[in-house]
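# predicted model follows, preceded by the sequence.
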Number of protein chains: 6
Amino acid sequence: MEHKVAVFRKEHFNAAHRLFCADWSDEKNTTVFGPCANPNYHGHNYELVVQVNGVPDAQTGFVINTKDLSTIVQQEIISRFDHKNLNLDTTEFKNLNPTAENIAIVIYNLIRPRINKELDLKIRLYETERNFVDYPA
Amino acid sequence: MEHKVAVFRKEHFNAAHRLFCADWSDEKNTTVFGPCANPNYHGHNYELVVQVNGVPDAQTGFVINTKDLSTIVQQEIISRFDHKNLNLDTTEFKNLNPTAENIAIVIYNLIRPRINKELDLKIRLYETERNFVDYPA
Amino acid sequence: MEHKVAVFRKEHFNAAHRLFCADWSDEKNTTVFGPCANPNYHGHNYELVVQVNGVPDAQTGFVINTKDLSTIVQQEIISRFDHKNLNLDTTEFKNLNPTAENIAIVIYNLIRPRINKELDLKIRLYETERNFVDYPA
Amino acid sequence: MEHKVAVFRKEHFNAAHRLFCADWSDEKNTTVFGPCANPNYHGHNYELVVQVNGVPDAQTGFVINTKDLSTIVQQEIISRFDHKNLNLDTTEFKNLNPTAENIAIVIYNLIRPRINKELDLKIRLYETERNFVDYPA
Amino acid sequence: MEHKVAVFRKEHFNAAHRLFCADWSDEKNTTVFGPCANPNYHGHNYELVVQVNGVPDAQTGFVINTKDLSTIVQQEIISRFDHKNLNLDTTEFKNLNPTAENIAIVIYNLIRPRINKELDLKIRLYETERNFVDYPA
Amino acid sequence: MEHKVAVFRKEHFNAAHRLFCADWSDEKNTTVFGPCANPNYHGHNYELVVQVNGVPDAQTGFVINTKDLSTIVQQEIISRFDHKNLNLDTTEFKNLNPTAENIAIVIYNLIRPRINKELDLKIRLYETERNFVDYPA
C-alpha cells in the first residue's frame, strides 16, 4: 500500500438536456428513453464530485489544494455547463447523447489535462439523488 | 390548542424552464434573471413537499392516508410537470414566469380542490437544495 | 414580536410496527393500510425532532440546554421505543394505531411534563424521509 | 484503464427483523446482539444502492438503462422484502441471520442472474444512515 | 389568507467558538456547558437558512431575487463570520455567549436593515445536523 | 472474488483548527491556505466514516459488530478530538498540519491496532459536505 489519499470536492450545476438518437424514430426514442426523450427538454440539478488521489505534500499536508481544484472545476465545467441546454448550448453534446455516463466521461476528459500526471482522477456525477455514475468505474 | 397534526409527503419531478419577461429586452432579462434567462432553458430536480393539517381520524389514526395524498400529487402535479419544459409544454406557465414562487402557487391551486375543505394545505418546493419556497408563507 | 427562539434537537429510534383496526377484517385492513397491515410487522428508522420555544436566558444564552433536552428525550422516548415492537412491547400502542400522527401525539404527551410550562413544545417525526408529521400543526 | 463507467440506482424498502442465533441462550443473544435481539422484532428503512459497471453503449450512451435496473430491483428485492418481517415472511432469512452483511449478499445473489455477465455488480445497503455495508467489498 | 410566499436561501460558514460565562468559575462553566467550554475553542460548519416572506412581484414572479439575498448574506454574515473565531475575531460576541440562539439573533439584526420593511425575515441556524434554532420562533 | 463485505460506521466530532506552516511568513500562509490560516482558528463538524472489510462470521453474520467498532472509534478518536482545538489540545497535530488528509492518516493509525489483522481498514473524513478525503485511497 502506498500512502495515497483521495481528496474529494463537490460542486454542482443546473442544466437542461434531452436523450435521443437522431437515427431513430420518435417512437423508438420514447420506448428506449421514456420521458427523457421529450423534444422540449427537461433538466436536472447535477451534483459533481471530483476525486483526486495522491500522496500529501510533506509541508502543506495537501494532495491538492481544494481551492485550486474548485477553480479548475469552475473554469472547465461550471462555466461551460451551468444554466445551459446541454444539447443546444455546448459543442460536447452536439452529437453525443448527454446521458450521465457520457457527461461524466466528458467532464473527466476536460479536467484531466489540468491535474498533475502523478495524480489519479475520478468523477462522480449525480443526475438525481437516486441515479448517479462514476468514471472510471 | 386544537389537536391538529400536520402530515407531509415528499415527491419530486425534473423539468426545464427559463425565467424572463416577454416585455423586456434580452439585456434587461439577463440583468434581472442572470443565467436563468438562457433562451435554450436549463433545468432542475424539483423536490415537492405537500403538507396537510387536520385532526387524525379516531379509527385509522390518519389525518390523510399518505398513499391517497401521493396519488393526488401524482395525478395533478407529477404527470403534468415531470420531464417537461415548463414554459413550452404546460398551459400554466405559458404566460406566467416559472419562478419557484409561481410554481408553488400553481401547485397549491391544482391540489387544493382535491383535499377536503376542513384540511389546511401548504406547499414547499425546493428548486435546488439551497433555494426553496413555501406557499402560503 | 416577542424575542422567542425555537431550539431543535434531533434524535432517532428504530422500531417495528403494524397498522390495523382490530374491529376490521383482514381485507378491509389491507385495503386501507396496504402493506402496512402485514400481520408480522415491518419497521422504520424514526427520526425525531423536538422543538422548544422560549426566550434565551440572559446569562447562558440558552432557551434550554440541548444536553438536558437530549437527556429528556433519551429517558422518555428512546429508552421506551428504540428497538421495540410498538404494537407488542409498549403500553401506549396496545390499543392505539401506531401511525406517525399518533406516535407524534404520544411523544408530545410524554415529553410535555418534563419541559417548563413557559416553553412551547412541538414534535416532528419522520417515519421515512418522504413521510413525516408535526404535532401540534 | 478500460472505459468502464459505474451506474448506481438507489431504491428503498422498510422491513422488520431480529438478530439472534437459534443455538444460543437469550442471555448470549442479548450480550452479542444487544437490543437487536428483541424477540418481538424492530425495523429499519433500508436504503439500497445497486451498482452496475460496464462500457456505455455507443448508441444509447447507457451502461444499463436505469429504468430497467429499477424494474429488476423492484421485481427481485422490493416486492420480496418491502413491508415484510425478514425472519418470518421470507425464505432467505428463515435460517440466516438478517444482518446488513447477509442481506447485502442475499440481494447480490438475487440480482446477479438478471444482469448481463459482462457487467459487474455491487450492492450497498444502508441499515441506518450510520450503519451500512458494501458487497462485494 | 394573504398571498404571501416564503423564500429560503441556504448559505454556510465555518467558525470556532467557546461557550462560557466570564463571571463563572471554570468548574461551573464545565458543568453547564460541558466540552463546549474548552478554553482553546472548538468549531462548527454552520448552515444558515434565511427566510423572507412577501407577495411575489407581478412581473418577475420574485418575492426577492435570491441572488440579491445571497449577496446580502455574503456581505453581512459570511464575510464577517466565515473562518473566524467568534469570541476573538468579532465585535458581536466579545461580550455575548455565541450560542446558536444568540448567533441567530445577531444574524437577524444584521440582515434586517437590508431587507424591505414590508417583507418578513426569519433565520434558521444549524450548529450541527442535530442542533439548530429558528429566530424569531 | 473472495466473499468479503465492507462494513461502515459513521461517527462525528466537532473541532477547531488552523492550517499553516511554522516556517512560512503570514503572507505566504495566507496565500496558500487562505482564510484557513486565521491565527485565531476556525472549526468544523467532522463526519467520520470507518470502513472495515472482511468475511462475515458464519454464526453471527457480522464482519465486525458495529457496536464494538463504535466503541473503538469513541475511545480512540472522539474522546481525543471532539470539542478540541486540534493544534493546541492534541499531541498528534502539534507539529503536523491538521489538513483533512493528515487527520485521516492519523485516525487510521490510531484505529489500525484495534482492528484484527485479517480485516482491512479505510477512513473517510468529511471536513465539510463539499470537502472530504479517503485514506488509503
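Perfect, I can see it now.
# helices and strands of chain A: which one has the lowest mean pLDDT?
Lowest by mean pLDDT, DSSP states H and E among the helices and strands of chain A is helix A:26-33, with a mean of 95.
# and for that one, what's in contact with it?
A:19-21, A:24, A:37, D:60, D:65 (C-beta atoms under 8 Å, 6 or more residues apart in numbering or on different chains). Any C-beta I mention is one placed from the backbone N, CA and C, and that applies to glycine too.
# repeat for stretch A:64-72
A:7, A:9, A:11, A:50, A:52, A:54, A:111, A:114-116, A:119, F:32, F:34, F:131.
# wait, does the helix or strand containing residue A:104 contact chain D?
Using DSSP states H and E, residue A:104 maps to helix A:100-111. Yes: on the criterion C-beta under 8 Å from any C-beta of the partner chain, helix A:100-111 is in touch with chain D at A:100-102, A:104-105.
# check which element follows that helix along the chain.
As the chain continues past helix A:100-111, the following element, by DSSP H and E, is strand A:120-126.
# could I get the CA-only coordinates of the next helix or strand after that following strand as PDB?
The helix or strand immediately downstream of strand A:120-126 is strand A:131-135, counting by DSSP H and E. The C-alpha trace of strand A:131-135 is given here as PDB (Å, rounded to 0.1, in the frame of the first residue of the first chain):
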ATOM      1  CA  ASN A 131     -29.400   8.000 -10.300                       C
ATOM      2  CA  PHE A 132     -25.600   8.500 -10.400                       C
ATOM      3  CA  VAL A 133     -22.400   7.400 -12.100                       C
ATOM      4  CA  ASP A 134     -18.700   7.000 -11.500                       C
ATOM      5  CA  TYR A 135     -16.000   7.300 -14.200                       C
END
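# pull the contacting residues for the residue most central in space within chain A.
Chain A has residue A:104 as the residue nearest its centroid, 3.7 Å off, counting by C-alpha atoms, centre = their mean. Taking C-beta under 8 Å, 6+ apart, we find residue A:104 in contact with A:123-125, A:133-135, D:5.
# most widely separated two among those residues?
A:124 and D:5 (10.7 Å; C-beta to C-beta).
# closest one to chain F out of the residues of helix A:100-111 next to chain D, please.
residue A:104 (18.3 Å; C-beta to the nearest C-beta).
# for that closest one, give its distance to residue D:4.
The spacing between residue A:104 and residue D:4, counted by C-beta to C-beta, to the nearest Å, is 11 Å.
# how about residue A:46?
21 Å.
# and those two? which has more neighbours close in?
Higher neighbour count among residue A:46 and residue D:4: residue A:46, with 27 against 17, using other C-beta atoms under 10 Å in any protein chain shown.
# my guess is the more buried one meets residue A:16, correct?
No: applying C-beta atoms under 8 Å, one finds residue A:46 not in contact with residue A:16, separated by 11.0 Å.
# what residues are shared contacts of these two?
By C-beta under 8 Å, 6+ apart, no residue touches both residue A:46 and residue A:16.
# which residues does the residue lying closest to residue A:78 once chain neighbours are set aside bridge with?
Among residues not flanking residue A:78 along the chain, residue A:13 sits closest, at 5.3 Å (C-beta to C-beta, 6 or more residues apart in numbering or on different chains). Using DSSP bridges, the bridge partners assigned to residue A:13 are residue A:46.
# show the contacting residues for residue A:13.
Residues in contact with residue A:13 (C-beta under 8 Å, 6+ apart) are A:46, A:48, A:77-78, A:81-83.
# which of those residues sit farthest apart?
Top of the distance list for the contacts of residue A:13 (C-beta to C-beta): A:48 and A:83, 14.5 Å.
# residues contacting the residue lying farthest from the centre of chain A?
Going by C-alpha atoms, centre = their mean, the residue of chain A most distant from its centre is residue A:59, 31.4 Å out. By C-beta under 8 Å, 6+ apart, residue A:59 lies in contact with F:21, F:23, F:97.
# looking at those residues, which are in helices?
In helices, judged by DSSP state H, none of the contacts of residue A:59 are found.
# among the residues you listed, which one sits closest to chain A?
residue F:97 (3.8 Å).
# where in chain A is pLDDT low?
A:1-2 (pLDDT under 70).
# can you rerun that using 50?
For chain A, the stretches with pLDDT under 50 are A:1.
# what does it put close to chain F?
Of all the residues in chain A, those lying near chain F are A:1-11, A:53-54, A:56, A:59-63, A:65-67, A:120, going by C-beta under 8 Å from any C-beta.
# inside helices: which ones of these?
A:66-67.
# of the residues of chain A next to chain F, just the buried ones, PyMOL syntax please.
Here is the PyMOL selection string for the buried members of the residues of chain A next to chain F, based on 16 or more other C-beta atoms under 10 Å in any protein chain shown:
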select buried, chain A and resi 4+5+6+7+8+9+10+11+53+54+56+60+61+62+63+65+66+67
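# list phi and psi for residue A:15.
phi -150, psi 160 (degrees, to the nearest 10).
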